[in-house]
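Trainee: Quick one: sequence and predicted model below, then my questions.
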Amino acid sequence: MYDTVIVRYGEIFLKSDYVRKRFEDLLARNMEDKMRRERISYKLYRKRHRLYVKTNETGVVCDILKNTFGVVSVSPAREVGSSKDAVIEACLKLAKETIKPVESFAVRVQRTGKHEYKSRDVEAEAGGRIIDALNVRVDLENPEKTIYAEIRDDAAYVFDRKIDGPGGLPYGSQGTLVSLLSTGIDSPVSSWMMMRRGCKMLFLHFGDREEIKDVVEKLASYAGAELPVYCIPKDEILEKISAHAGRYTCVVCKRFMHRLAEKLAQQENAYGIVSGENMGQVASQTLANLKQINCVSMPVYRPLIALDKDDIIKIAREIGTLEYAKGGRCAYVPDKPSTEARDDAIKTAEAELGIEQMLEDVKDRYILKQR
């Protein structure tokens, strides 16, 4: 039925000519990497503000590209000539195949280039032909079915649906960040949101690699690239922190995680850290405790900081990471965790722990060995 996939992007169009070309090139490369990985036979070409994929596997390609950062929407389409008769015939043929007798419809035409007709001419004539052939009614305000035609210079693309993509910027266009990835709901969403803005991601996880394998694979499906993961056994570290920090355990633990993430970022030439913290959600995420956790010199990005939990859950469900979240309370959370950790108490606990030596030991034992 279809022979082409139309790929639309959004804010890439607003960039300067040089940046737009660079982002288009990167988006095209990311798309091609995904399609090659699935052994798709295709030809990719460009026209102004659009990418086109010529293929006999339009359904599979749409499924792949609708989850690609930078893509606003995709449409399986038929490519025909740009003469008025060719476009009208293609609209009529698609209408016969897709519009049910009880459905209302509209024809929408966009046109770029010089032609001997106007877009409204095609809409009116194609609509009239469809009414005569199918005996269906027009509804220009709220049609149940829409037949679209995008006419671009010497070619036209006729289709009947637009499939939303994630939007954002092409993956890899903004440099690398280290994400603190847990088994919960929040951190995969925060990682996805920064990936959507073009950031390459590498993960630091305190726990077993197997427990985050599925969520990393899900996030990698959007990136179209392997996502490096560094895993640190947590029990030995948390037992030490808990023994010395008491009700400040969660804050000291988060400070340790952020400082280790900074060391990893410096090692891998990353520009900052991503955290899934959300204002007031748990004791360690009060405003006072977040101030204590901000103990590193590089930027820490918290894209979820002002979202309600319901909003985060909704995003997790939409992007497909919610099903991999594992509940349960951390065994080392104190019965009455502090919501306003004191500077002197944190410094005392970390001095007793020998926190700097702990960081170096963990880096040497685990991070360097996983490079």
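Mentor: All right, it came through fine.
Trainee: which non-adjacent residue is nearest the most centrally placed residue in the chain?
Mentor: Centroid check for the chain by Cα atoms, centre = their mean gives Arg196 as the closest residue, at 4.0 Å. Nearest residue to Arg196, sequence neighbours excluded (Cβ to Cβ, 6 or more residues apart in numbering): Gly168, at 3.7 Å. (Each C-beta comes from the backbone N, C-alpha and C, glycine too.)
Trainee: wait, the one you found sits on Gly70?
Mentor: Yes: using Cβ atoms under 8 Å, Gly168 is in contact with Gly70, at 6.0 Å.
Trainee: These two: who's more crowded?
Mentor: In terms of neighbours (other Cβ atoms under 10 Å), Gly70 is the more surrounded of Gly168 and Gly70; the figures are 29 against 25.
Trainee: List the residues that contact the more buried one.
Mentor: Gly70 is in contact with 9, 12, 23, 26-27, 30, 165, 167-171, 173, 198, counting by Cβ atoms under 8 Å, 6 or more residues apart in numbering.
Trainee: Grab the nearest non-local neighbour of it.
Mentor: Counting by Cβ to Cβ, 6+ apart, Gly70 lies nearest to Pro170, which is 4.0 Å off, once chain neighbours are set aside.
Trainee: among the contacts of Gly70, which are in strands?
Mentor: Tyr9 (DSSP state E).
Trainee: Let me have the contacts of Gly70 in JSON lines, extended by pLDDT.
Mentor: Shown next, in JSON lines, are the contacts of Gly70 (pLDDT from 0 to 100):
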{"residue": "Tyr9", "pLDDT": "95"}
{"residue": "Ile12", "pLDDT": "88"}
{"residue": "Phe23", "pLDDT": "94"}
{"residue": "Leu26", "pLDDT": "96"}
{"residue": "Leu27", "pLDDT": "96"}
{"residue": "Asn30", "pLDDT": "96"}
{"residue": "Gly165", "pLDDT": "97"}
{"residue": "Gly167", "pLDDT": "96"}
{"residue": "Gly168", "pLDDT": "96"}
{"residue": "Leu169", "pLDDT": "96"}
{"residue": "Pro170", "pLDDT": "96"}
{"residue": "Tyr171", "pLDDT": "97"}
{"residue": "Ser173", "pLDDT": "96"}
{"residue": "Gly198", "pLDDT": "97"}
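Trainee: what's the first-to-last distance across stretch 170-179?
Mentor: From its first residue to its last, stretch 170-179 covers 18 Å (Cα to Cα, to the nearest Å).
Trainee: Need the contact partners of it.
Mentor: So stretch 170-179 is contacted by 12, 22-23, 26-27, 30, 68-70, 187, 190-191, 194-195, 197-204, 222-225, 261-262, 264-265, 268-275, 301 (Cβ under 8 Å, 6+ apart).
Trainee: Kindly give a single ChimeraX line that selects the buried subset of those.
Mentor: Remark: buried members of the contacts of stretch 170-179, expressed as a ChimeraX selection using 16 or more other Cβ atoms under 10 Å:
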select :12,23,26,27,30,68,69,70,187,190,191,194,195,197,198,199,200,201,202,203,204,222,223,224,225,261,262,264,265,268,270,272,273,274,275,301
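Trainee: can you tell me which of the contacts of stretch 170-179 are in strands?
Mentor: 200-204, 273-274, 301.
Trainee: and these as a markdown table, adding distance to Val5 and pLDDT?
Mentor: Shown next, in a markdown table, are those (distance: Cβ to Cβ, whole Å; pLDDT from 0 to 100):
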| residue | distance to Val5 | pLDDT |
| --- | --- | --- |
| Lys200 | 25 | 97 |
| Met201 | 27 | 97 |
| Leu202 | 31 | 96 |
| Phe203 | 31 | 97 |
| Leu204 | 36 | 97 |
| Ile273 | 37 | 98 |
| Val274 | 32 | 98 |
| Tyr301 | 33 | 98 |
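Trainee: Might you specify the subset of the contacts of stretch 170-179 located within helices?
Mentor: 22-23, 26-27, 30, 187, 190-191, 194-195, 222-223, 261-262, 264-265 (DSSP state H).
Trainee: Any chance of JSON lines for the ones in strands among the contacts of stretch 170-179, columns distance to Ala106?
Mentor: Output for the ones in strands among the contacts of stretch 170-179, formatted as JSON lines (distance: Cβ to Cβ, whole Å):
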{"residue": "Lys200", "distance to Ala106": "42"}
{"residue": "Met201", "distance to Ala106": "42"}
{"residue": "Leu202", "distance to Ala106": "47"}
{"residue": "Phe203", "distance to Ala106": "46"}
{"residue": "Leu204", "distance to Ala106": "51"}
{"residue": "Ile273", "distance to Ala106": "49"}
{"residue": "Val274", "distance to Ala106": "43"}
{"residue": "Tyr301", "distance to Ala106": "43"}
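Trainee: sorry, back to before: pull the most distant pair out of the ones in helices among the contacts of stretch 170-179.
Mentor: Using Cβ to Cβ, the pair of these lying farthest apart is Leu27 and Glu262, separated by 30.8 Å.
Trainee: what sits against the residue nearest to Arg196?
Mentor: Gly168 sits in contact with 69-70, 196-198, where contact means Cβ under 8 Å, 6+ apart.
Trainee: same thing with Pro299?
Mentor: 271-273.
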